[in-house]
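[1] Please work out how this folds:
(5 chains)
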Amino acid sequence: MSEKLSRRDFIKLAGTGIAVTSAITGCGPASRYTTREPYTKMPEYNYNGKSTYYATTCRECPAGCGIVVRTMQGRAIKVEGNPIHPVNLGKTCARGQASLHGLYNPDRIQEPGTRTRGDSALTAIDWEAAIQIVSDALTSDPNSLVFLSGLANDHVYDLAVELCASIGAPKPIRFSAFELFESQATLRQATKTVFGSTNPLYFDLANSDVTYSFGAGFLETWQNPVANTRGFSKFRRGSDKRGYLVVFEPRMSQTAMKADEWIPVAPGTEGLVASAIGKLVAEAKLGSAPVAFKSVNIEEASTLSGVSVETLERLATIFANAQAPLAIPPATASGAPNGLGSVISTLNLNVLVNNLGKPGGLYLSPDAAIPAMDSSATYKDLQDLVGKINAGKVKTLFVHGLNPVFEFPASLGFEASLANVETIVSFSTYADETSSIADVVLPDHSALESFGYQRVKTNTLVPILSGAQPVVAPFYNTMSTVDLLLVAGAKAGGKAILPYKDEVEFIQAKIEPLMEAADGYFNGADLPTYWASFQQFGGWWQNSNSSTAPVSAGSLDVAPQISTELSIGEGELFLHTYLSPILAEAGANKPWLQEVPDPATTVMWNTWLEINPKTAEEMNLANDEVVKVITEAGEIEVSVLVYKAIRPDVVAIPFGQGHKNYGRYASNRGANPADLFGSTVNEAGDLVYSSQKVKIEKTGKKYPLSRMEGYTKLERDLGEH
Amino acid sequence: MQKVLDLIKNPSFKIAILVFVLVAFSAGLVGIYFTQIPPEQPILFPHNRHVNLQIQCLYCHSGAWKQASAGLPTEQKCWACHGQLKKYFDPVVPVSEWPIELQKLNDYAVNNKPIKWVPVYQVPDFVHFNHRPHVAKGVACETCHGDMSKKTVATLEQTVNMGWCIDCHTKKSANDPVLQAKLLDCGTCHY
Amino acid sequence: MANHNIPEVKANWEETSGVWGMSIDMDVCSGCQACVAACAMENNIAFVGEEDSGYGRSLHWLRVEHTFEGEYPEVEATPFQPIGCQQCGHAPCEPVCPVFASVHSKNEDLNLQVYNRCVGTRYCANNCPYVARVFNMRDYERPEPLPNQFNPDVTVRRRGIMEKCTFCIQRIHQGQDKAKADGRELLDGEVVPACAQACPADAIVFGRLDDPESKVSKLSKAGRGVKLIEELGTLPRVTFLEEEKTYGRTG
Amino acid sequence: MAVLADSTKSFAHPIEHDHEAHLREEHLMLDPRPRGEMNAMVMEAMTTTSWKFWAVAAFLAVVVVICLGYYWGYMITSGLGVAGINRPIYWGIFLVNTVFWIGISHAGTFVSALLKVFKAEFRRPFTRAAELMTTFGLVQAGLSIFMHMGRVWLSYWLMPYPNERGLWPNFHSPLAWDFLAINTYLLSSTMYLFMPLIPDLAMARDRSTGWRKSLYRVLALGFRGTEGEWAHLRFAMNLFAFAILPVMFSVHTIVSWDFAAAMRPGWSSTIFGPYFVIGALQSGISAVAMVLIVVRATMKNMKYFIRPEHLDALGKLMLIISMAWAYFFFNDYLVQWYNGDKWTDLLLHFHEEGPVGWMWLAMLFFNIAVPWATLWNKSIRRNPTALFAIGFFVNVAMWFERYIIVPTSLSINRFPFTYQFYKPGVEIPLSFGTLALFILLYMLASRIIPLVPVWEVQEGQMAHSLKKFGNESIITISDLEE
Amino acid sequence: MTDKKMLLAIFPDVNPAAVGIKTLRELGIQDDHVDVISGLPITEAMMGRKKHPSHVPTIAFGGAVVGFVLGGLLAFWTPISYPINVGGQPIISGPPSVVVLFELTMLGMLLSTFVGVFLDSKFPNYEPKEYVTEVSDGKIALLIDCLGDDEDKIISALTNVGAESVRQAEAHQL
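    Have a look, this model is predicted:
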């Protein structure tokens, strides 16, 4: 500990030195009172004033990209992609780049503390007391303990699963706004229905020549946007033939902006359009349509979706004639009452053109490198959890890597239910909505300060276990949650004792089986060597493709049950909610991410409501006017942004802002559209949110949106001149 | 009014003004002097003794020939030599009888504390100085840092400013226009 | 934007092809803003907050432009176009600076902004046809411990100073220094600016234009290549590869 | 000689002829008073202050301290962010003010030097008032430039001085020319103000006591009026009158090159030089008229020196310049109509229809319509209130014109993505600060230096007489032309 | 040998003063022993005297030359002292140099003219001088250097042609 402490002090001092130097820039050599210090025990490869690079895993989203962090004198200064990591091959997204602003966030929780429910301030405690609190919780009734976990912390989740299993507590619940907004459960269930597999699907965008996307924002947040963008780049320019992308969705997203054609379909009719295209393709190719497409009425589909029959026929011809056609299932549209049917329809389209296991088609990702202990929860599970809490059956709630009070829609009633929990323990690194009401806050290291691993589940043809290691010594008096649980378990005794000394030993135990795994990127004769390589390369992966071709489970012969119910709630406009491509669910506290313009609208630092110019004119709304958006579940106030590329019957709001308590950069900024969601779930157990109807009322207020783009501010039509 | 005028005309008033100006001026001078004296280092490192023992500069400041920063030795490195010197290592000799500076070093090394050296040669952070090309071109350390065999702690031998850099760059590259273009390019140091 | 292949300008450009160049493929640029964030992280760019950024004071060295054309439902998005400093060979920003703060590097053929010489007349920014220069309006606050993230190779700018994309000159210098220490020539692709390094679509390619074999030289001369408003005679070093919205076009 | 001989008596003579009486009343040159009396009048004008004067001066001083001292300090310590500039509108009201004040300063030199070169006699009583405006206007222009700089504490880098770095200013830059030209102009106009002042200071020295005596004794440099002193002064003043005119033209054209040398649509134009010069004269001459009207109304004995004939002459000048200005303004559109550059076209439309289109209209209305409609009329030209109002609106409109040229034009460039609005911030108090400083300096100077060049008036009166041709009495033949 | 004396004659106007000068010349007093003090720039011709020599034109011309040379140094030497390429323009370029040359030539000329006036007129000079304050009210004063013997002769002659007073000139603080 002492060594860590001294290094931390050193980092602080070095930081001060830099600040002083930066403050006197331009004043000449007056920085007389700065000091320079060598490391007390500097590794032999480390020179003062020279950068060292550490490979680790980005934890800004669950995708598991490998990154290399440039450090200098104990400070992380730049995130770069890990060029050998097979998922992202040295590339990063804006969120990954800005993860340093998470590490150096001024609003991190610096030490463990407790509070009386309702207070805002924490009373500092030492880690001994913290360990006591956790061990007390572990020794109480295991059935009353619930562990809530996020998606981007596999090793913590794995340990929690083991711990819960050992003491007999219910299995940890894993969820995040990613799951909600991309309706992952629906896709999982559809995959199971169509291909009979639980492995994630791999869409080989790179080798496709015609891709129809039914609304998955695969260049923005869906699955692994970095890998998808790389695939997209190959799709467009990787071979002699330029790939052709058509996107069907009610609002032109960033992905649709890159498409060659954007087909504005009515919300919830994506599956219908896919079926109609399927029918036309089948008729062109096979002469007659299989059962799954037979019953589709093209005219009706055209009327409902707003896509003309000619367009459908033209698109069907292109798709039928393509060498490597690919249909990507909906993401947002899965959150409709008919979501499951829509996803099945699009997957059926792939089965129909038989691109299964072929370049440019569909693959099933291989099993995870180390056995997966999870399948994420569905929204239904959350509703059950809230029911359980309300019934007083939960005494202790552990929350790690997740901000449920913000990420769970208000209609779920999670926040209200917390009154029935005796002890809420948050392991959050940042002051957020959940940790600010938690009774005990035991901050984990931030992502770049901790060990860990992450299974790469999507966008991969090989098993990958991406490894994480600290790139800097912990900045504050934080403690790894795995260590904390292990120590507390040991203290609690009995079944809570797990056979690991600390976090590193736990991870080593997990990766040990991989030492002998065939065709690995590297192998190790002994664990220390293997462990060193695992840290050096930023994880382990197989060299060769071990994916499998999906096999149709006969879904073409089943007429899909596509519900005709297209909307829920009352109101004149559909609400289209999407995960903000830049902020996602937890990026709002990073100042530079806030200042990165949204790709489609170039808005920074706020939430906006996109509305078609025609609708805006009818409702007499102009840019920057604040409107009230109302559903049965709630209402929010948000500034209007007139957006040309959206259906007139749809308004869109991004999710990501609207934090009440998430540090100085995110708090009280923008609005949270999840407040508007109802509580209906679809057949797969995902929340129905994309068919939500809303009412819009003027408030008479104005709040100017901060936009990068300027010409619409001048409110002039440039076409004239 | 007249009294004020009389006061102003009084010679002692004029003298008082003069004295005040002189005092203020000297105070300013003293202030400037205090900013110019060499900074106090945590350890009065005797460079001269080490250099006279034929220890190369690059032995301790090893970064100078391969990177921008010359670097400072860790106290481990200091202790690697001093630990082997019988005189100090001998457990018979109590620490309190060691030379005072070595006692300090011992304190840092034993307690694992970084030594907070005060930089003597410093360029503003809008100037990016790289030791490597200078050493590679054969510029002797003495050229800028003075003859360390005659100094204990480092002192500022040169006013490190742009005119001095440019002057030397111009002279060294007088016969090589390509090199001169590089050495006098603003972007070589400022970015 | 405009593709005026004025013969004289082209001829002139051939003569002074420049040293460092960049090509940006607008067909694959997905507008993900990774370059923007990477640039900010690499170059110690300050964030300015909601009010100032909304008022056009954000300090992005790189902005990704796009617009919508036409009316719904025939609306189309123009391709994403990341625009930073074009490192003009004949840069209009340079001669107008009264104190030689905006100068041309003879050695690297880059546009330099010497921060410590800048007095803040902002003339260069007015004269930049690409609106690529940004001005530090204030000492933007970066509360502790955010300054720990500063890249020591890049000057931290204060209020009253112009700044702009440098083609990550610190990385160029490092690369050259390393190559020189190793006693070899710089390899193509050895030096990458932060934006190109991050770009998931590999839309940004950076390299030497004076090396006809480098990737960027070849791309710059490709048929899709367009330089921004080159009819002004600025000799920009960034080539944009245009989008082709066609199905199955080869090449 | 005859007039001089008469001059002591003529005042006492009964006026016999109505027309002659009218002419004497009309022309200061024909209405001499005993020189001692005239000197006394000027001294009295200088030394007479009322509580109103001090109240206004105190108010202005407070405005200067708050607007210039406080706000400028605030801006220096917190950065230019407190002003309204942004990307791409990097130049805002500070540059508008610079151009405006340089424009104001032009007329002073114009009337005092150009009219002297052309021997226009009516100039005599107000050359100093105008020249004083030049100097103080330039001070405001210089201040505005300093305000506009991002790091004003390093502004000395614009100065050519030898340094160890071997770095000099970049003389390719119009801003470096600006530095040379404005400094040349400021120095020479100050010298040109001071030289004719020496004899008047000597006169004031002979007529004052106390601190004024000490002050004037120092300022008059020991001038007695010997033959040699007069000979040197006469030559120097003639040379200045000739040489300062090209300097004046160069200054404002160089200010215009700041814009015209830039590669911006709407700025890059060869017409900018003459256009700016004429614009400067337009606002400057109106400002001279305004100042004279105020001086005439507020200072003692000034109604004797400044008469409707002077307002009349300035009114005519205003009309002429307004016509020339309209022509150059039209040229902007003419050239654009032929070359058809789409960005310039957009810019010109933006001037008219953009958010400050009202300024554009006001500028045309007050700079063209109003002078053309009114200044033809002699009685309007001679009416101080009317002329003041016209001058005021012309000045406001010329300020608008610069506003349209600077920030409004910067709104538009070749990248529509970056278009922005301009909302002035701390520029507003700072602008009022410079205006207040100008007025304050002028007020204080009017009580310290003789605002009327007495010796020049007396020299003129000495040489003028009425001549009778038949039944008509005239001064010069040109009087017959009206 | 008799003492040298300085007389101060005050005339009410230009004409009598001109006659006075003529009278003095007739009395054998050379023009360079007479100085005219006046509140107005009456010309030498009015007084029937030679043009007063002045160095100001020469100094002005010299100043212009110096300014031109300085301008040349700024325009042509300073760019080479640290050659920096801007915008692909030549290091020494014509059009901008014209501006620099013009401004500095004008500045040199005007500044030296001003300085020339100071030099030629021995400004500033606060020593006691012979002077009467009535000059600025329109009187013309003649300062006459003469021998003590001629004093009475001169006084009576000048009084005859209209001098208001002729007396011994006394230097006093202005």
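
[2] The nearest residue to C:Ser58 once chain neighbours are set aside and chain B: what is the separation?
    Leaving out its chain neighbours, the residue that sits closest to C:Ser58 by Cβ to Cβ, 6 or more residues apart in numbering or on different chains is C:Val48, at 5.3 Å. Any C-beta I mention is one placed from the backbone N, CA and C, and that applies to glycine too. Using Cβ to the nearest Cβ, to the nearest Å, C:Val48 is found at 21 Å from chain B.

[3] Check C:Asp25 too.
    From C:Asp25 to chain B the distance is 27 Å (Cβ to the nearest Cβ).

[4] Could you do E:Leu107 as well?
    28 Å.

[5] who's in contact with the closest residue to chain D within chain C?
    Per Cβ to the nearest Cβ, C:Gly120 is where chain C lies closest to chain D, at 1.7 Å. Neighbouring residues of C:Gly120 by Cβ atoms under 8 Å, 6 or more residues apart in numbering or on different chains: C:135, C:160-162, D:80, D:149-152.

[6] Same check on A:Ser544?
    Neighbouring residues of A:Ser544 by Cβ under 8 Å, 6+ apart: A:462, A:519.

[7] isn't there a helix covering it?
    No - with DSSP: H, G, I helix; E, B strand; the rest coil as the criterion, A:Ser544 is located in coil rather than a helix.

[8] if we can go back for a sec, just the contacts of C:Gly120 now: which is nearest A:Asp502?
    Set against A:Asp502, the nearest of the contacts of C:Gly120 by Cβ to Cβ is C:Ile161 (48.4 Å).

[9] burial measure for that closest one, as a count.
    C:Ile161 has 25 neighbours, counted by other Cβ atoms under 10 Å in any protein chain shown.

[10] hang on, the earlier thing: which SSE is the residue of chain C closest to chain D in?
    Assigned by DSSP states H and E, C:Gly120 falls within no helix or strand.

[11] Residue ranges in chain B under the pLDDT threshold?
    Chain B contains residues with pLDDT under 70 at B:1-5, B:34-39, B:86-91.

[12] Without its sequence neighbours, what residue ends up closest to the residue nearest the centre of it?
    By Cα atoms, centre = their mean, chain B has its centre lying nearest to B:Val120, at 1.9 Å. Ranked by Cβ to Cβ, 6+ apart and with sequence neighbours excluded, the top spatial neighbour of B:Val120 is B:Ala154, at 4.5 Å.

[13] Chain B against chain E: which residues are in contact?
    Chain B comes close to chain E at residues B:166, B:184, B:186, as judged by Cβ under 8 Å from any Cβ of the partner chain.

[14] Just the residues you listed: which are in helices?
    Among the residues of chain B next to chain E, DSSP state H puts B:166, B:186 in helices.

[15] can you narrow the residues of chain B next to chain E to ones near chain D?
    Within these, those near chain D by Cβ under 8 Å from any Cβ are B:Ile166.

[16] now, among the residues of chain B next to chain E, which is nearest to chain D?
    Nearest to chain D among the residues of chain B next to chain E: B:Ile166, at 6.3 Å, using Cβ to the nearest Cβ.

[17] For residue 77, give me the backbone phi and psi.
    No chain was given, so I picked chain A. Per-residue torsions, A:Ile77: phi -120, psi -20 (degrees, to the nearest 10).

[18] Stretch D:156-165 and chain A, are they touching?
    No - Stretch D:156-165 lies out of reach of chain A by Cβ under 8 Å from any Cβ, never closer than 12.0 Å.

[19] who touches that stretch?
    Residues contacting stretch D:156-165 (Cβ under 8 Å, 6+ apart): B:161-164, B:166-167, C:98-99, C:117, C:119, D:168-169, D:175-176, D:179, E:74, E:78, E:82.

[20] Can I have the buried ones of those residues as a PyMOL selection?
    Buried members of these, identified by 16 or more other Cβ atoms under 10 Å in any protein chain shown, are gathered into one PyMOL selection as follows:
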select buried, (chain B and resi 161+162+166) or (chain C and resi 98+99+117+119) or (chain D and resi 168+169+175+176+179) or (chain E and resi 74+78+82)
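
[21] neighbours of A:Leu527, just the number please.
    A:Leu527 has 15 neighbours, counted by other Cβ under 10 Å.

[22] In chain C, where's the longest helix?
    helix C:169-182.

[23] Next: chain D.
    helix D:227-260.

[24] Give me every residue in chain C lying close to chain E.
    Listed as neighbours of chain E in chain C under the rule Cβ under 8 Å from any Cβ: C:16, C:89-95, C:97, C:100, C:102-104, C:106, C:235.

[25] Distance check, the closest residue to chain A within the stretch 201-350 of chain D against D:Gly340.
    Residue nearest to chain A within the stretch 201-350 of chain D (Cβ to the nearest Cβ): D:Leu346, separated by 4.5 Å. Relative to D:Gly340, D:Leu346 is positioned 12 Å away (Cβ to Cβ, to the nearest Å).

[26] So if I had to pick from those two, which one is more boxed in?
    D:Leu346 (21 against 8).

[27] would the more buried one count as being in a helix?
    Yes - assessed with three-state DSSP, D:Leu346 lies in a helix.

[28] isn't it right up against D:Ile412?
    Yes - the criterion here is Cβ atoms under 8 Å, and D:Leu346 meets it with D:Ile412 at 5.9 Å.

[29] How is chain E divided into domains?
    E:4-53+E:129-172, E:57-120 (automatic domain parsing).

[30] Going by mean pLDDT, which of those domains comes out lowest?
    Among the domains of chain E, domain E:4-53+E:129-172 has the lowest mean pLDDT, at a mean of 84.

[31] before we move on, back to that, what about the contacts of C:Gly120, which one has the most neighbours?
    That'd be D:Leu80 among those, by other Cβ under 10 Å, with 30 neighbours.

[32] List the contacts of that residue.
    Applying Cβ under 8 Å, 6+ apart, we find D:Leu80 in contact with C:120, C:135, C:137-138, C:159-160, D:150.

[33] how about the residues of chain B near chain D?
    Counting by Cβ under 8 Å from any Cβ, chain B sits next to chain D at B:161-164, B:166-167.

[34] Would you tell me which one of those comes nearest to chain C?
    B:Met162 (9.2 Å).

[35] what's around A:Pro142, how many residues?
    Using other Cβ under 10 Å: A:Pro142 sits among 18 other residues.

[36] Surely it is in contact with A:Ala165?
    No - with contact defined as Cβ under 8 Å, A:Pro142 does not count as touching A:Ala165 (10.1 Å).

[37] returning to that earlier point: distance check, the residue of the stretch 201-350 of chain D closest to chain A against D:Gly266.
    As for D:Leu346, its distance to D:Gly266 is 9 Å (criterion: Cβ to Cβ).
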